[in-house]
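In: below is the structure, and that's it, no one-letter string:
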């Protein structure tokens, strides 16, 4: 079911645009329906700690240090077509859930955004004007003329993802500039100066479509035991300042595949340069401290902190 | 704000029930009264809904308990010190007490939930309809406590003592004194609040076990909390002011058969004794229906109408005139009738077969034995003051030590007399509350029909029109006749037995209400009343009267004394200066029956000169003994000389 505001806008639009074909919004989201899987990739990281990637034992955590968790969600749905041009409803939200004693509560207001994504430039100008008149924001999706119509939907989904990342980035930036305490970000560290400049943020990546080690180092990483981390390496990118990163096995993977319980942790590189390997040990302890309670029934529970699941559950509830 | 109403397709709200969640630290519990403020107007009015919490749930986002075990590697200690707790919900279900406005009656809307305050509680329980200033018929039964609130709860006198509805039934396990305490407290409350416009009210209490009701006129020590509750509810924290006790004699007849026998408490204790006339009217109570057939019934009627209390003669009996007043008279009469029939070889007399006459003689004379102490042999009675009952008076009939048959007889006769007088408006008061414990014994749900059960059914169904109100109590409501408890407009429950709660009569209660009932503290009750759409939990103060146990400790029963001492003790209640020396002569000359007869006559008459009256009951026989006691000198003594220097 669509949000009432969107439903009203689409209804009004349909009366003005007889050529608009409404699509049922039920069923799976486009993220699921398009079944797009990122291609696994190898990338190189520069080893910062020692000469080679080694397995390093992390001391058991004393207790929680993480103050808050940040995560975002997105959902894209096909809501109509004008000729061969799809119109996609994208909804994104991000939230920080902070610790209040042993409970988690929402820090400030969650960020939300919803918009209709389409290659509006390929449609008559009055169509976009009408959409904007009835409320929802109209977001342009870049596609090539003559491309497969589903390509436009994929691009719309990408645009939604970018918007979600933007929300997460803004929220992380706000937290890092106004709040105190360690922020545990689900995914790579957002490319924002306030975040990268913060001494109290870490990113935890659960999926490993891109591996930053190869050869014997990869073997070492995949063989990490529970509570072990790899040596620290640097990741450099055109899109953000360099980060220091390492792999961490948060749960014993015996009886499971090599990626089970494996996360990659990121902190701003300057922190490694300031503190050396101790920062990796310290941050690893913080992550290990979040192993319980389990994030079950989420399928990614082996790598997901309960605080992140709490963010997702919260966002699911507020997005309806 | 306390919480928010929630509803899902699987768990929808209805006009009679709704769900809401609260913060984990909210003061809501089972029995809490809440108010819902609707968001949308219906017919231009925002709906307000009042409900009482009758179920609660708590759960987290944990799908399987195994997940928790895995999360803490099977170590509960680690789980107890977890630094992150799962998201948890407190979800409550409330039964609707009232919707304002009443129409249109719709499902409970989504909205904010608030704790009910005093005014809300009044509206929720419709007490606002009978607590109007100047015309209030509210009788406080206790305070509702919820979320720090303490609101008085009132019953409607019109629905407690009639005429709209009446009667109160209380159920609870034994040993917590809840049932007795609740009734004592409620009687105090009725006496303090029963509106003058409704007339006068008194209570008759049957003490059926131990010293339970033996100290209603003695003050208890109350704590500050109880005193505050008395003040909040406007009831004086004092024992009953007008209490009279009635008890039959012991089998020896020397003393009253009651645990209120301490000499300091005898001012308001009177004997309860009935003669043949009184008992015969209720012979049905004591006679077994299977044993006494229609023929025997006919003979009993004949005796009651033609023999007892009047002069009787018959050709069979020759010239002998009979004036049957007592059981002993009756037995003599039977003896003569049967003797005359046997001597004439008659098988029947006045259509009554000799076998029937023998059987009736056996059964009737047996009553005096079974009810010894209650039934007098001289035909005289000492009874409750029917006709001069006092407003706010309490009349306790102590039958705790009587046999079951005798208890039935007392109960049947007293209640029947109350009914008769109320019908004639000649009792002395307009309303009388009859309290009887162990109702399951008198009106059981199974077993054969008895006189007492029929009478209780009659009171339950018709008593409210007369002002005859039954306050009954029992441990197991399920074992009481359905129509007796069903006709109780007000039902009160103390702590309940789990097995009892499992019976079908409690199926309407939620599991949470049942568990609360099974664990209620002393002094807490669940109340159902015609104005309350749902049962409400209240707390009531300790009665301001001594409990039976404490009373028996503070006023120990008098030790059993020899016959003569017992007689003297009874007479000294009328004249404290009386000594044993003054009356001891009668114990040597007369048998116990004669002495008891004289004692009873003295007690009934309450003469100015007790000793003289008592001795007069023995006629002239006393005098010769006095005279005989003075020795007659054989030879007169020589007169003292006038000038005798040793004379005085």
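Out: In hand now; what should we look at? Note that this is a predicted model, so its numbers are computed, not measured.

In: longest helix of the chain?
Out: As the question left the chain open, I've gone with chain A. Using DSSP state H, we find that the single longest helix of chain A is helix A:149-178.

In: my question was about chain B, not that one.
Out: Per DSSP H, chain B has its longest helix at helix B:404-423.

In: who does the helix or strand that comes right after that helix pair up with?
Out: Scanning forward in sequence from helix B:404-423 by DSSP states H and E, the next helix or strand is strand B:431-436. Next to strand B:431-436 in the sheet, as set by DSSP bridges, lie strand B:201-207 (parallel), strand B:468-474 (parallel).

In: now the helix or strand just after the last one: average pLDDT?
Out: The first helix or strand that comes after strand B:468-474 along the chain, using DSSP H and E, is helix B:482-486. Mean pLDDT, taken over the full extent of helix B:482-486, equals 90.

In: any buried residues in helix B:482-486, and which?
Out: By 16 or more other Cβ atoms under 10 Å in any protein chain shown, the buried positions in helix B:482-486 come out as B:484, B:485. (Glycine included, C-beta is placed from N, CA and C.)

In: cool, stretch B:348-355 as well?
Out: Buried residues in stretch B:348-355, counting neighbours by 16+ other Cβ under 10 Å, are found at B:349, B:352, B:353.

In: same check, this time on stretch A:172-179
Out: For stretch A:172-179, using 16+ other Cβ under 10 Å, the buried residues are A:172, A:173, A:174, A:175, A:176.

In: contacting residues around it?
Out: A:67-68, A:70, A:96, A:98, A:107-108, A:183, A:185, A:190, A:192-195, A:197-198, A:200-201 (Cβ atoms under 8 Å, 6 or more residues apart in numbering or on different chains).

In: again, 6 Å this time
Out: By Cβ atoms under 6 Å, 6 or more residues apart in numbering or on different chains, the list of residues contacting stretch A:172-179 from outside reads A:70, A:96, A:183, A:185, A:190, A:192, A:194, A:195, A:198, A:201.

In: does the residue lying closest to the second one once chain neighbours are set aside count as helix, strand or coil?
Out: When the adjacent residues along the chain are set aside, residue A:96 lies closest to residue A:107, with 4.0 Å between them (Cβ to Cβ, 6 or more residues apart in numbering or on different chains). In three-state terms, and counting by DSSP: H, G, I helix; E, B strand; the rest coil, residue A:107 is strand.

In: got the angle for the longest helix of chain B vs strand B:201-207?
Out: Angle, helix B:404-423 to strand B:201-207, by axes from the mean of the first three to the mean of the last three Cα atoms, to 10 degrees: 170 degrees.

In: related to what we said a few turns ago, want to throw the strands paired with strand B:431-436 into a markdown table with mean neighbour count, mean pLDDT and distance to residue B:118?
Out: Formatted as a markdown table, these follow (neighbours: other Cβ atoms under 10 Å in any protein chain shown; pLDDT from 0 to 100; distance: least, Cβ to Cβ, whole Å):
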| stretch | mean neighbour count | mean pLDDT | distance to residue B:118 |
| --- | --- | --- | --- |
| strand B:201-207 | 24 | 96 | 27 |
| strand B:468-474 | 26 | 94 | 28 |
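
In: just put the ones you listed in CSV and tack on distance to residue B:384.
Out: CSV is the format used below for those (distance: least, Cβ to Cβ, whole Å):
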stretch, distance to residue B:384
strand B:201-207, 7
strand B:468-474, 14
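
In: would you mind measuring from the one residue sitting closest to the centre of chain A to chain B?
Out: Nearest to the geometric centre of chain A sits residue A:187, at 5.1 Å (Cα atoms, centre = their mean). According to Cβ to the nearest Cβ, to the nearest Å, residue A:187 stands 20 Å off from chain B.

In: for the host helix or strand of residue B:455, name the packing helices and strands.
Out: Using DSSP H and E, residue B:455 maps to helix B:451-466. Helices and strands in packing contact with helix B:451-466 are listed as helix B:404-423, helix B:482-486; criterion 3 or more Cβ pairs under 6 Å, 6 or more residues apart in numbering or on different chains; DSSP states H and E.

In: and of these, who's closest to chain A?
Out: helix B:482-486 (47.7 Å; Cβ to the nearest Cβ).

In: list the contacts of the closest one.
Out: So helix B:482-486 is in contact with B:169, B:443, B:456, B:457, B:460, B:477, going by Cβ under 6 Å, 6+ apart.
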